[in-house]
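J.: Mind folding the following:
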Amino acid sequence: MIIQQFYDVGLAHASYAIIRLGKMVVIDPSRDPQPYYEFAASHRADIVGVIETHPHADFISSHLEMHQTTGATIYASKLLGAEYPHQTFDDGDFIRLADIRLKAINTPGHSPDSICVLALDEHGAEKAIFTGDTLFIGDVGRPDLREQVGNITAAKEELARQMYRSTRNKIMTLPHHVVVYPAHGSGSLCGRHLSPDLDSTIGRELRENYALLPMDEPRFVDLLIADQPFVPKYFGYDVELNKRGAEPLGKSLAGVPRLKRNAVLVKDILVIDTRPRDIFRKGHLPGALNIQDGARFETWLGSIAGPTEAFYLIGTDRSTIDALIKKASKIGYEKNIKGTLLEPETALEQLPDIDLEHFRTHPEKYTIIDVRNPNEVKEVSIFEHAISIPLPELRDRLSEIPSEKPIVVHCAAGYRSAAATSIIAGSIKSVPVFDLGEGVNTFMDQAVASGD
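T.: This is a model prediction of the structure:
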């Protein structure tokens, strides 16, 4: 049995290929099916199956495209309500892959329709479990993403109770040597305390995973619900799109308009400028948002822009723009792109530099906006009188920002504050808006040292 993990750093997403005697099954594939095709070809294997452990909220899967291209059967729980051709795969069902078997285990908790896939070798021994978003390394899947979307909805408290039973009754009873392969690693918003490790064993998780330690159900539910990360705007949209199945990637990418540098843009369409912060500050279009290209661009794109919101995309060069379109496609946002272009000659709007010493000695003369997440603010309060508005909520809460004094925006390192500054400056023109950027580090160190 060959097991290959494919890892997307930007979305902290892990997918898998299992090969046995020339036959291959893919589990939770990413939007681009090409890496799986190449892996199959390199092992002279035929892709015969694609398994969806649940309808994913944080990325778009290529399951339908792989079925259309290779004829592979798609397997998913009957509870998913899949609208694409598929075979149901639930408790008691097996997929035979030559002389090994893949067994379905229903494990509701992250979602009502979640399954895990247990791999049994040619002797029937339990070797590995592909846990989707049920069990991560160091955590379990968050239970609050299916309260309003999907074929079956459920309150987070009920899903947390289901997760307790799934882990205790089905996963924790497996032999300690069984290898655990999750769908996400550290950085994913599908959990809270994910380890950077990308595989583990049942035995190790029983020892080290807080969610698998001995506790009663009420305690587990309280722990699982508390302090979960924010929910990006695109999550519900992706659940529904994955339930239907996305169109082929190549066809979708080809439909994105590539505009000339000085093309006339439609008024009131969002402009997302992905160039580095310092370049953006020196010249950008009025109202443009600075979501910089980076390791988590797609997550922040889907957290700031809505899933049906059209936008223009500005990049530093054509190859970068092509890469950004592909990143957007990972969350199903390529359809939202009204057009892509290089920096127009009319990009003349500028952002002012902050006088750091004046701010340090007279912070009371500024309105300070903290765009970190609530759990970060709770852990360390950097400025006593800062107004806390998390970046994903900022566009909807601009009316809460006073405009009598100059505004200083900060996060924890500078990436989010660059985006937030551009959002505020595009709306508030009566006072200057400053990005504290990496300058926050000194203030952060002082706050930590003082115990705030």
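J.: going forward, measure contacts and count neighbours with C-alpha atoms only.
T.: Noted.
J.: now the strands for the stretch 301-450 of the chain?
T.: Counting by DSSP state E, counting those that start in this stretch, one finds strands in the stretch 301-450 of the chain at the ranges 311-315, 337-342, 367-370, 387-388, 407-410, 433-435.
J.: got JSON lines for those strands, with mean pLDDT, mean neighbour count and distance to Gly22 too?
T.: Shown next, in JSON lines, are these (pLDDT from 0 to 100; neighbours: other CA atoms under 10 Å; distance: least, CA to CA, whole Å):
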{"stretch": "strand 311-315", "mean pLDDT": "97", "mean neighbour count": "24", "distance to Gly22": "43"}
{"stretch": "strand 337-342", "mean pLDDT": "97", "mean neighbour count": "22", "distance to Gly22": "40"}
{"stretch": "strand 367-370", "mean pLDDT": "97", "mean neighbour count": "24", "distance to Gly22": "55"}
{"stretch": "strand 387-388", "mean pLDDT": "96", "mean neighbour count": "16", "distance to Gly22": "56"}
{"stretch": "strand 407-410", "mean pLDDT": "97", "mean neighbour count": "25", "distance to Gly22": "54"}
{"stretch": "strand 433-435", "mean pLDDT": "97", "mean neighbour count": "26", "distance to Gly22": "56"}
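J.: Turn those strands into a markdown table, including distance to Pro196.
T.: Output for the strands of the stretch 301-450 of the chain, formatted as a markdown table (distance: least, CA to CA, whole Å):
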| stretch | distance to Pro196 |
| --- | --- |
| strand 311-315 | 30 |
| strand 337-342 | 33 |
| strand 367-370 | 27 |
| strand 387-388 | 29 |
| strand 407-410 | 27 |
| strand 433-435 | 31 |
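J.: Which one of those strands lies nearest to Lys243?
T.: strand 337-342 (22.4 Å; CA to CA).
J.: Could you give the separation of the closest one from the chain centroid?
T.: 23 Å (CA atoms, centre = their mean, to the nearest Å).
J.: Now do it and strand 311-315, the angle between them.
T.: Orientation check (axes from the mean of the first three to the mean of the last three CA atoms, to 10 degrees): strand 337-342 against strand 311-315 gives 20 degrees.
J.: now for the strands of the stretch 301-450 of the chain, which one comes closest to Gln68?
T.: Closest to Gln68 of the strands of the stretch 301-450 of the chain is strand 337-342 (CA to CA; 25.4 Å).
J.: Just the residues contacting the closest one, thanks.
T.: Residues outside strand 337-342 that contact it (CA atoms under 8 Å, 6 or more residues apart in numbering) are 256-261, 310-318, 321.
J.: Need the max-distance pair from those residues.
T.: Farthest pair in those (CA to CA) is Ala310 and Asp317. Separation: 21.2 Å.
J.: more crowded one of those two?
T.: Applying other CA atoms under 10 Å to Ala310 and Asp317 shows that Ala310 carries more neighbours, namely 19 against 12.
J.: what sits against the more buried one?
T.: Ile269, Leu270, Asn336, Ile337, Lys338.
J.: In contact with the nearest residue to Ile314 once chain neighbours are set aside: list those residues for me.
T.: Of all residues not flanking Ile314 in the chain, Asp273 sits nearest, at 4.6 Å (CA to CA, 6 or more residues apart in numbering). Residues near Asp273 by CA under 8 Å, 6+ apart: Phe280, His284, Ala288, Leu289, Asn290, Ile291, Gln292, Leu313, Ile314, Gly315.
J.: Just the ones of those in helices?
T.: Phe280 (DSSP state H).
J.: okay, the contacts of Asp273 in TSV with distance to Ala412 next?
T.: Below are these laid out as TSV (distance: CA to CA, whole Å):
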residue	distance to Ala412
Phe280	20
His284	24
Ala288	22
Leu289	19
Asn290	17
Ile291	16
Gln292	16
Leu313	26
Ile314	25
Gly315	25
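J.: Out of the contacts of Asp273, give me the one that has the most neighbours.
T.: Ile291 (30 neighbours).
J.: Please identify which helix or strand holds Gly203.
T.: helix 202-208 (DSSP states H and E).
J.: CA atoms only: put that helix into CSV for me.
T.: The C-alpha trace of helix 202-208 is given here as CSV (Å, rounded to 0.1, in the frame of the first residue of the first chain):
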residue,chain,number,x,y,z
ILE,A,202,-3.9,7.0,17.7
GLY,A,203,-1.7,6.2,20.7
ARG,A,204,0.1,9.6,20.5
GLU,A,205,-3.2,11.5,20.2
LEU,A,206,-4.6,9.6,23.2
ARG,A,207,-1.6,10.9,25.2
GLU,A,208,-1.3,14.4,23.8
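J.: how about the helices in the stretch 351-452 of the chain?
T.: Listed in chain order, the helices of the stretch 351-452 of the chain (DSSP state H, counting those that start in this stretch) span 356-361, 374-379, 415-425, 440-450.
J.: So which of those is nearest Gly150?
T.: Checked against CA to CA, the stretch from those lying closest is helix 374-379, at 27.1 Å.
J.: Just the CA coordinates for the closest one, please, in PDB.
T.: The C-alpha coordinates for helix 374-379 follow below in PDB (Å, rounded to 0.1, in the frame of the first residue of the first chain):
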ATOM      1  CA  PRO A 374     -10.800  38.600  20.000                       C
ATOM      2  CA  ASN A 375      -8.700  35.800  21.400                       C
ATOM      3  CA  GLU A 376      -5.500  37.700  20.600                       C
ATOM      4  CA  VAL A 377      -6.800  40.900  22.300                       C
ATOM      5  CA  LYS A 378      -7.900  38.900  25.300                       C
ATOM      6  CA  GLU A 379      -4.400  37.400  25.600                       C
END
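J.: Would you mind listing the buried residues in it?
T.: Pro374, Val377 (16 or more other CA atoms under 10 Å).
J.: Reformat the contacts of Ala310 as JSON lines; add distance to Gly132.
T.: Shown next, in JSON lines, are the contacts of Ala310 (distance: CA to CA, whole Å):
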{"residue": "Ile269", "distance to Gly132": "37"}
{"residue": "Leu270", "distance to Gly132": "35"}
{"residue": "Asn336", "distance to Gly132": "28"}
{"residue": "Ile337", "distance to Gly132": "30"}
{"residue": "Lys338", "distance to Gly132": "34"}
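J.: ok, back up a step: let me know which of the helices of the stretch 351-452 of the chain is tucked in deepest.
T.: Comparing those by mean neighbour count (mean count of other CA atoms under 10 Å), helix 415-425 ranks first with a mean of 25.
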